[in-house]
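**Student:** here you go, sequence then predicted model.
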Amino acid sequence: MQNLNFPNYSFRFKNSENKHYIFDEIRKKFMLLTPEEWVRQHVIHFLLHEKHYPKSHINVEKVVAVNGMKKRYDLVVFRADGSIFLIVECKAPSVSITQDTFDQIARYNFTLQASYLMITNGLNHYFCQMDFENQKYIFLHELPENLN
């Protein structure tokens, strides 16, 4: 797999029936190793080891209803009170991050109401803080380390 713009992390891998799998610490199972999953697993380790977010506050690939349609988010980080702190949208490294990517996560956030957004293809990372009053997001250099 391609080197990504994250620190080096240790991953568990397995091969089965000529397919490669990577262990997901949140879902507690091996997942098919696709380019997007490679990015997702790096983000999980980044959130756990660099940002020190509790493992129990991270949720991976769940369905959410957006405008009456079922969509699946990549990662969500919850606060202790159950409100959503962060939504993460992961793309494969070969996928460029465009305005459409920001529009996608913004649509999810109309429903989820997260305070922060992260968009990454593993090479480029974008962090935003929501300004709900003015209906816009503010770009940040990095995510906060606490979930307040």
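**Tutor:** Structure's in. What do you need?

**Student:** other residues contacting stretch 54-71?
**Tutor:** When contacts are defined by C-beta atoms under 8 Å, 6 or more residues apart in numbering, stretch 54-71 is touched by residues 24-27, 40, 44, 47-48, 72-80, 85, 107-108, 110-112, 147. Any C-beta I mention is one placed from the backbone N, CA and C, and that applies to glycine too.

**Student:** repeat for stretch 83-91
**Tutor:** For stretch 83-91, the surrounding residues in contact (C-beta under 8 Å, 6+ apart) are 36, 39-40, 43, 47, 53, 57, 73-79, 97, 101, 104-105, 108-109, 112-122, 143, 147.

**Student:** just the buried subset of the contacts of stretch 54-71, please.
**Tutor:** For the contacts of stretch 54-71, a burial check counting by 16 or more other C-beta atoms under 10 Å picks out 24, 26, 40, 44, 47-48, 73-78, 85, 108, 112, 147.

**Student:** looking at this structure, which residue lies furthest from center?
**Tutor:** Most distant residue from the mean C-alpha position of the chain: Glu17, 28.4 Å away (C-alpha atoms, centre = their mean).

**Student:** buried residues in stretch 30-46, which are they?
**Tutor:** Residues of stretch 30-46 classed as buried by neighbour count (16+ other C-beta under 10 Å): 30-31, 33, 35-46.

**Student:** from Asn67, how far out is Pro93?
**Tutor:** 29 Å (C-beta to C-beta, to the nearest Å).

**Student:** what is the burial count for Leu140?
**Tutor:** Residues lying near Leu140 (other C-beta atoms under 10 Å) number 14.

**Student:** now swap in the one 5 residues further on and tell me
**Tutor:** The number of residues packed near Glu145 is 10, by other C-beta under 10 Å.

**Student:** A helix includes it, no?
**Tutor:** No. With DSSP: H, G, I helix; E, B strand; the rest coil as the criterion, Glu145 is coil rather than part of a helix.

**Student:** what pLDDT does it get?
**Tutor:** In this prediction, Glu145 carries a pLDDT score of 87.
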